[in-house]
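>>> After the sequence you'll find the predicted model.
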Amino acid sequence: MLIFFGCLALLIIGYFTYGTLVDRIFGSDENRPTPAVTLNDGVDFVEMPTWKIWLIQLLNIAGLGPIFGPILGALYGPSALLWIVIGSIFAGAVHDYFSGMLSIRYNGVSVPDVVGENLGNFFKQFMRAFSVILLLLVGVVFVLGPAKLLANMTSLPVMALVGIIFAYYFLATLLPIHQIIGRIYPLFGAVLMFMAIGLTVALLAKGYDLFPEKTLMNVHPKQLPLWPLMFITIACGAVSGFHATQSPLMARCLKNEKYGRPVFYGAMIGEGVIALIWATLGMSFYHGSADLGAALAQGGPAYVVNQVSTTLLGHFGGILAIIGVVLLPITSGDTAFRSARLIIADMLKLDQRPNMKRLYISIPLFLVGYLISTSNFDLIWRYFGWANQTLATIVLWTAAAYLIQNGKPHWIASIPAIFMTAVVTTYLAYEKIGFGLDLNISTIIGIAVAVISTVAFFIKFRNASCGCSETA
């Protein structure tokens, strides 16, 4: 019990201490007009209350990742908790803060343009294609995941549920942000809080032995290597590039820069808490990695969510908890497609106020998404994991570039960027979806690429001077 509440306390302390430091280094300015005020268009640039923006941001970023990822990561044992806590405070929340605040500073632009402003046109064009591909993968993952959970609860076939969810996504992508997302997300947030708090209280009240395997050693039943797999498996809940595609949505609605820390840094800490809860449930409910692995073999993370929720909270409470888990990916999937629409619109310089121009982008986007949804889910998830962390790495380097060009301490972004460069490169070299090399060779390659990237970064920005990157 002390381990769980200690990790929870560290996440909260991290928000009030390190989050404040990050905000001071960036230099949020409460007197600086935000795009929600200067570019209000009634569709995507719309002022909303800060509490509502925080809830929407949390639901946007907290898809299946902070549930499925930590459940799978729990197979490695309590070391997963360390990654969730350290990753959330020093990497994930920093990444989310800068992806949101830099979007505000650059008039609400999407992540490719933020990257391009700081790393150059090549990265801008690369990120346009890479981000849209990632968002399509995210959208599909967050269709198939909830469809399978709902199929377990009803007699409806998975593909029929996929069609229903896609129909909702289509409406949420087209309509002004305050008409659907701004109205129903706070209600979804209440269900989410019930799910997280209710399951935690039930686990403790029923006397489960928390973290029966009290070791930081790798206890994965299949002996899969902790490095680098755990750092890819637990993405959302520690650090996730998908969040960089979502933060600009709320950057277009924030009425004052002083709320950037609670909305962007704070929502990531909130997601870290969700990840902490599900990692704890995975380790404690099944009394160890071997039993958790056996449960996953029966039906994957969706089976685990169903079994844990109904056992701990009974039939009615379990259904409410599962609905909360279903809502998480749905409230990220809809904004994934919305973000893809905005990135393409920015690239084509296509005004998104007319309905027909939103349709020009949305229809082909959803057709491609549906085609991807017919592919193997496990394969899509593995590619999503790597692409997700690669995007996070690029955004962290972007934040470091912004800071060094403005004469500010860059280490808050460059250190996690260096670490994540080693992670994603090692993973690509080692995994079968990449080059399938020996782990030791893959690690050497990962470290080498991280060193080369660091040297290249400092060579590129060695002559950076204060103030050259600020926008008017």
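Received the coordinates, thanks.
>>> can you give me the helices in the stretch 251-400 of the chain?
Remark: helices assigned in the stretch 251-400 of the chain by DSSP state H, counting those that start in this stretch are 260, 266-285, 289-348, 355-373, 377-405.
>>> Now do the helix or strand in which Ala448 is found against helix 377-405, angle only.
In this assignment (DSSP states H and E), Ala448 forms part of helix 439-460. On the basis of axes from the mean of the first three to the mean of the last three Cα atoms, to 10 degrees, helix 439-460 is oriented at 30 degrees to helix 377-405.
>>> From Ala238, how far off is Phe419?
To Ala238, Phe419 is 11 Å away according to Cβ to Cβ, to the nearest Å. All C-beta spots, glycine's among them, are computed from the backbone N, C-alpha and C.
>>> show me where pLDDT drops low in the stretch 251-400 of the chain?
320-322, 324-325, 328, 352, 354-355, 373-381 (pLDDT under 70).
>>> for Leu216, phi and psi?
Here is the backbone geometry of Leu216 (degrees, to the nearest 10): phi -90, psi 0.
>>> Number the chain from 883, please
I'll keep to 883 as the first residue from here, and by that count the last item is Leu1098.
>>> got a list of what it touches?
Leu1098 sits next to 959-961, 964 when contact means Cβ atoms under 8 Å, 6 or more residues apart in numbering.
>>> got it, and His977?
His977 sits next to 1121-1123, 1125-1126, 1150, 1274, 1277-1278, 1281, 1295, 1298 when contact means Cβ under 8 Å, 6+ apart.
>>> Would you mind measuring from it to Leu1081?
From His977 to Leu1081 the distance is 27 Å (Cβ to Cβ).
>>> Same question for Phe1317.
40 Å.
>>> Those two - which one has more neighbours?
Between Phe1317 and Leu1081, counted using other Cβ atoms under 10 Å, the more crowded position is Leu1081 (25 against 12).
>>> so where's the stretch 983-1132 of the chain uncertain?
Residue ranges of the stretch 983-1132 of the chain with pLDDT under 70: 1035, 1055-1069, 1071-1072.
>>> tell me the helices in it, going along the chain?
993-1001, 1003-1035, 1040-1056, 1063-1087, 1108-1115, 1124-1133.
>>> Give the buried residues for the second one.
What that stands for is helix 1003-1035. Using 16 or more other Cβ atoms under 10 Å as the test for burial, helix 1003-1035 gives 1005-1006, 1008-1010, 1012-1033.
>>> most packed of the helices of the stretch 1133-1282 of the chain?
helix 1148-1167 (a mean of 27; mean count of other Cβ atoms under 10 Å).
>>> what helices or strands is that one leaning on?
In terms of contacts (3 or more Cβ pairs under 8 Å, 6 or more residues apart in numbering; DSSP states H and E), helix 1148-1167 is packed against helix 884-908, helix 932-943, helix 947-955, helix 961-969, helix 975-987, helix 1063-1087, helix 1171-1230.
>>> contact partners of the helix or strand that the first one is followed by?
Proceeding N to C from helix 884-908, the next assigned helix or strand is helix 917-920, under DSSP H and E. The set of residues external to helix 917-920 that reach it, using Cβ under 8 Å, 6+ apart, is 927-930, 986, 989-990, 1133-1137.
>>> Can you tell me which of the residues you listed lies closest to Met1077?
Set against Met1077, the nearest of the contacts of helix 917-920 by Cβ to Cβ is Met930 (24.1 Å).
>>> Leaving out chain neighbours, which residue sits closest to that closest one?
Take Met930 and drop its neighbours on the chain: the residue closest to it by Cβ to Cβ, 6 or more residues apart in numbering is Cys1135, 4.6 Å away.
>>> So what's the residue count around the one you found?
27.
>>> Repeat that for Gly969.
Neighbourhood size, Gly969 [other Cβ under 10 Å]: 25.
>>> Check what pLDDT it gets.
pLDDT for Gly969: 97.
>>> Got phi/psi on the closest residue to it other than its chain neighbours?
Closest residue to Gly969 apart from its sequence neighbours, by Cβ to Cβ, 6+ apart: Ala1120 at 3.0 Å. Recorded main-chain torsions at Ala1120 are phi -140, psi -60, according to degrees, to the nearest 10.
>>> so Val1306 sits right up against Asn1270, yeah?
No. Here Val1306 lies out of contact with Asn1270, judged by Cβ atoms under 8 Å, at a distance of 9.4 Å.
>>> Skipping adjacent residues, who's closest to Ile966 in space?
That would be Ala1157: by Cβ to Cβ, 6+ apart, it lies 4.9 Å from Ile966.
>>> pretty sure the one you found contacts Thr1115?
No. Applying Cβ under 8 Å, one finds Ala1157 not in contact with Thr1115, separated by 11.2 Å.
>>> if we can go back for a sec, of all the helices of the stretch 983-1132 of the chain, which one comes closest to Ala1222?
Among the helices of the stretch 983-1132 of the chain, helix 1003-1035 sits nearest to Ala1222 (Cβ to Cβ), with 4.1 Å.
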